[in-house]
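Peer 1: My questions concern the predicted model and sequence given below.
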Number of protein chains: 2
Amino acid sequence: MLLLRRCRSLTRFGPLNTQRNPVAPAVASCAVRLWSSGGSEDQRSYRHAHGPRWRHALAGLLAGTGAVLAYGLHHHQADQSDSTSLQTIEKISTPPIFTQEEVNSHRSLEDGVWVTYKGGVYDITEFVAMHPGGEKILLAAGGALEPFWALYAVHNQEHVLEILSEYKVGELSAEDQKKQQTVKSSDPYSSDPVRHPALRINSLKPFNAEPPPEILSDSYITPSAIFFKRNHLPVPQVDPDSYQLRVEGLSEGVLMLSLKDLKTKFKKHTITATLQCAGNRRSEMNKVKQVKGLNWGIAAISNATWSGARLRDVLMDAGYYPDVSQWARHVQFEGLDKDVTGTTYGASIPLNKAISEDGDVLLAYEMNGEDLPADHGYPVRVIVPGTVGARNVKWLGKIIVSAEESHSHWQQNDYKGFSPGTDWDTVDFKSAPAIQELPIQSAITMPADGAVVDRSDEEVTIKGYAWSGGGREVVRVDVSVDGGKTWQVAQLRSSEKEQAPAPSPPPGQAWAWKLWEVTAPLPQEAQELEIVCKAVDNSYNMQPDTVSPIWNLRGVLSNAWHRVKVKVRED
Amino acid sequence: MLLLRRCRSLTRFGPLNTQRNPVAPAVASCAVRLWSSGGSEDQRSYRHAHGPRWRHALAGLLAGTGAVLAYGLHHHQADQSDSTSLQTIEKISTPPIFTQEEVNSHRSLEDGVWVTYKGGVYDITEFVAMHPGGEKILLAAGGALEPFWALYAVHNQEHVLEILSEYKVGELSAEDQKKQQTVKSSDPYSSDPVRHPALRINSLKPFNAEPPPEILSDSYITPSAIFFKRNHLPVPQVDPDSYQLRVEGLSEGVLMLSLKDLKTKFKKHTITATLQCAGNRRSEMNKVKQVKGLNWGIAAISNATWSGARLRDVLMDAGYYPDVSQWARHVQFEGLDKDVTGTTYGASIPLNKAISEDGDVLLAYEMNGEDLPADHGYPVRVIVPGTVGARNVKWLGKIIVSAEESHSHWQQNDYKGFSPGTDWDTVDFKSAPAIQELPIQSAITMPADGAVVDRSDEEVTIKGYAWSGGGREVVRVDVSVDGGKTWQVAQLRSSEKEQAPAPSPPPGQAWAWKLWEVTAPLPQEAQELEIVCKAVDNSYNMQPDTVSPIWNLRGVLSNAWHRVKVKVRED
């Protein structure tokens, strides 16, 4: 879509480019670049030359999409540059050996973009502009391609490998090839799993990371590997064969359930649900005044399908009967993850959410059709759709039906909202309810803050996500390119792009986000756009306009209008 | 509370007043006033003298409350002015006769404050400052006291009549005494009931009116007489003996229920629930840009207790069984109120709200412990707690279980929210969901916009209401006196002042509003305060900061921060 729009705008400039005859010098410049050491003078001329050449190359490609388009594009360029050194590499009998450090140092168009794949080192600088997935390819810069190709199955095609082979510049040193395996150590986090390198890490131990925003809104269902990770403690190693879930607090005594019990004794139930960390978008609060907590961007939110037994069914099996609601008010969960004192992670949810037929609370053992990944609670976690991430306890060890909320730090003295006037000297954690359902939220994933759009494009495409807690469905997203003075309504999407729209969920059971997109004309004269989005749910809840009045000392519940500034480049 | 605070500040000024010896001239001035014709020169001197005299009078009264305090206050003043004409009136053998028009012309402290009671005419100008209920007494100015005393039962005491008798100035003409009875006519609204004169009328036919804000937050349970009225059509006359409710759409055929059936065949269920018109606070949207609809202030919201049969129980009796939810999605309601073409008022709610045990939807026949008043749907109305007023159909005639929403104008082409960029040329009513649950709301009932506070008071007491739809409990109200720069947390109240706090409702069943109050210090130097309130519900939904970005062509869902400006008077 983005590519086709680019093509449209290129068509308008076709004659201009032809007059300038930019192709030959541009390709020459690229060829020089391949073997240059990358001085700053050269970088500038490279970038200047690069733009028009790239445009011309694309101008002939108004049909075809995806990798096929990229493949054609590649050959188009190769034909024009057969006298350059692009094929020279393959003629070298003993390939140069590079260290991982050397590869690491090539992570930008200025320094060159190098990647590794199965021990080979590739300089793909030239390919970046032709990549059908756009500049997302830069996420792999300086590192291995494998985890990204695992994420995007479209790369598993022969012609993609063919393209890659032509950019080979050497081999990774044997030592560094070995190092690409994870090193184990004796610290409590040593058995944490390997993570996807695209993740933006907020904290390594415990591991907390979010995907780059532009990847996030690519898929309606977030691939598990880049689904945001929010761990409070080291990832526990749980043996699925000896795993036992303990259910207590009901008059029939303690119920113990193996993983097999969960999978076979109860009907498997699947839902699509978005999880969001209470601290998503905390970084915007930090700009107002420092808060305590991880400096999350806009991507501590993701959407997946989850399968498992219904908590309701398990509680029924454990002896729940309607009279229990006379004395019980909460269902507590304890994780198997623990700190050095042996204290486990814990949280609770209201009993009526746990037991309601419409509540859809799962003891999930699958995420996106596979066993839960280690970072997401293998072998069993709670999924409390519509409810803040913190109550979706991972590595679930124990369920307790109780008159009281969880006594854990995270339930009692964390994850609560306060007035902007409340500080650490005056805060009384008892005065605020534990966050459960989250409020309406939305954010812009593309363009990024600080991006540049061309005046000649005449319009800008804006993408993002929107979600609300409590099963409230997002019914509208308003987008402004003038800081909130005028608004356009975005197109909402609740399935993958190529799929038919999902049917509307029953009221109160809209657990999954909506992705949205809008194309707005560039305002005349504007040199900078302030792009703003705000969503509305089916209770007509709106997002607050600004951050300061909802600032709170823990930096949670940051759901003011999201704003990004974009520069307009005159031609 | 307000009175005691006034007294505290008066204590500080005691010595000053004594030095000035203001009592005698002030009382003399009042005495003159009683028989004066009210020239403007005199008004000014009256007002100037009045302040200090009143303060001095109160300074001795640091104990006692309510009417008793007022009574003491009255006698305190009477003692000091026994040579004045206050008692003179009773010595007049043939009392002067006044027309209603003459009484009407005395509606302010400047023109004098006259009221009628059982044919007597009273000049209560002097009593206004001593009234325990404050200046609310002015609501009755120029008219009859009876409807106000009916509202506030505290007046039904002998010493109150004793006080009143001393202010008698004459009798109302016999002709006007007769006119105080309602005149019937032949127009479709001729059988509409008599309404409380305190109501602020937005439309007479159909009748739409709201109470004055300062009265609204006086009572946790709004008295039925001043509960906001929102009629779409003339009030139908329904004979309770022949009344039949028709329930259809279920496989067992049509069920007809008499009023007696409803009262005897089903368990009586009572809830306290706030109703709010979708157009509450529309006047603030009108200030941004004209919208279509009644120009409601902040009081198209009220709180009452409602008793009746549960809709769930009635549907069960009519043949509802769980499989119905396979094909049915909505429960439609039709009123007995109709327009000239015979079209009745209609609306629908989602089936899951109607049938849920926690939904608490009632077919109510009582409001505040009495039969429903005519304006509120006598003999039977629907109460859909947590849901916009428009779906709480009054004078209920028919219930239809259906796969479709109500086809009525009010469900399909009204009561929906749109983007601020949508106008009457571009609006597509199908694109937005019918409003059901309402978003978080709050407003300031005291002080009023434009009110004046004295610098010497050093602080200002601010009161208001807060409510959220969908059973979401209000958990916090933030109040600012500097336009939103800094915030204080208000005290919340969920029962009448003298009662113990109500227990917290189960999650998702907080149907009733909270009243709130906060005392804020007057900021140094400030000559004007911009008082702002914003509420938070237990899903941590917040109100938007400003009106423009939520403006919509129907002026519904107006829930931006409420703001009032108050002047600070230097001493």
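Peer 2: Thanks, I have the structure now. Residues are numbered from 1 along each chain as shown, chains lettered A, B, ... in the order given.

Peer 1: which residues sit against the helix or strand hosting residue A:442?
Peer 2: Per DSSP states H and E: residue A:442 is located in strand A:441-446. Residues from elsewhere that reach strand A:441-446, judged by C-beta atoms under 8 Å, 6 or more residues apart in numbering or on different chains: A:213-214, A:216-217, A:276, A:280-281, A:298-299, A:301, A:461-468, A:474, A:477, A:516, A:531, A:533-535, A:543, A:559, A:562-564. C-beta: built from backbone N, CA, C; applies to glycine.

Peer 1: So which of these reach chain B?
Peer 2: Filtering these for proximity to chain B by C-beta under 8 Å from any C-beta of the partner chain leaves A:534, A:543, A:559.

Peer 1: And the pLDDT at the first one?
Peer 2: Translated: residue A:534. The score at residue A:534 is 98. That number is its pLDDT.

Peer 1: got it, and the second one?
Peer 2: For residue A:543, the model assigns a pLDDT of 98.

Peer 1: What's the end-to-end length of stretch A:251-271?
Peer 2: Terminal residues of stretch A:251-271 lie 30 Å apart, using C-alpha to C-alpha, to the nearest Å.

Peer 1: What of stretch A:493-507?
Peer 2: Note: stretch A:493-507 ends 18 Å apart using C-alpha to C-alpha.

Peer 1: likewise stretch A:518-533?
Peer 2: OK, stretch A:518-533 end separation, C-alpha to C-alpha: 11 Å.

Peer 1: returning to what we had before: let me have the ones next to chain B among the contacts of strand A:441-446 in CSV, adding neighbour count and secondary structure as columns.
Peer 2: Listed next are those as CSV, based on neighbours: other C-beta atoms under 10 Å in any protein chain shown; DSSP: H, G, I helix; E, B strand; the rest coil:
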residue, neighbour count, secondary structure
A:534, 27, strand
A:543, 28, coil
A:559, 29, coil
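
Peer 1: Tell me the buried residues in stretch A:487-497?
Peer 2: A:487-490, A:492-495 (16 or more other C-beta atoms under 10 Å in any protein chain shown).

Peer 1: Can you flag which of those belong to strands?
Peer 2: If you go by DSSP state E, the buried residues of stretch A:487-497 have A:488-489, A:492-493 in strands.

Peer 1: Of those, which ones also sit close to chain B?
Peer 2: Among those, proximity to chain B is found for A:488-489 (C-beta under 8 Å from any C-beta).

Peer 1: In the ones in strands among the buried residues of stretch A:487-497, find the pair that's most separated.
Peer 2: The largest separation in these, counting by C-beta to C-beta, is between A:488 and A:493 at 16.1 Å.

Peer 1: Those residues of the stretch 401-550 of chain A touching chain B, which are they?
Peer 2: A:417, A:419-422, A:432-433, A:435-440, A:469-470, A:475-476, A:478, A:484, A:486-489, A:506-508, A:534, A:536, A:538-546, A:549-550.

Peer 1: Buried among the residues you listed? Need that as a selection in ChimeraX.
Peer 2: Listed next is the ChimeraX selection for buried residues among those, using 16+ other C-beta under 10 Å:
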select /A:417,419,420,422,432,433,435,436,437,438,439,440,469,470,475,476,478,484,487,488,489,507,508,534,536,538,539,540,541,542,543,544,545,546,549,550
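
Peer 1: which SSE is residue A:285 in?
Peer 2: For residue A:285, the host element (DSSP H and E) is helix A:282-288.

Peer 1: Moving C-terminal from that helix, which element do we reach first?
Peer 2: With secondary structure assigned by DSSP H and E, helix A:282-288 is succeeded by strand A:301-310.

Peer 1: Pull out the buried positions in the helix or strand just after that next one.
Peer 2: On the C-terminal side of strand A:301-310, the nearest following helix or strand under DSSP H and E is helix A:311-317. Judged by neighbour count using 16+ other C-beta under 10 Å, the buried positions of helix A:311-317 are A:311-315, A:317.

Peer 1: Among these, which one sits closest to residue B:371?
Peer 2: When those are compared against residue B:371 (criterion: C-beta to C-beta), the nearest one is residue A:312, at 41.4 Å.

Peer 1: What separation do you get for the closest one and residue A:505?
Peer 2: 18 Å (C-beta to C-beta, to the nearest Å).

Peer 1: Identify those among the contacts of strand A:441-446 that sit within strands.
Peer 2: A:276, A:301, A:461-467, A:474, A:477, A:516, A:531, A:533-535, A:562-564.
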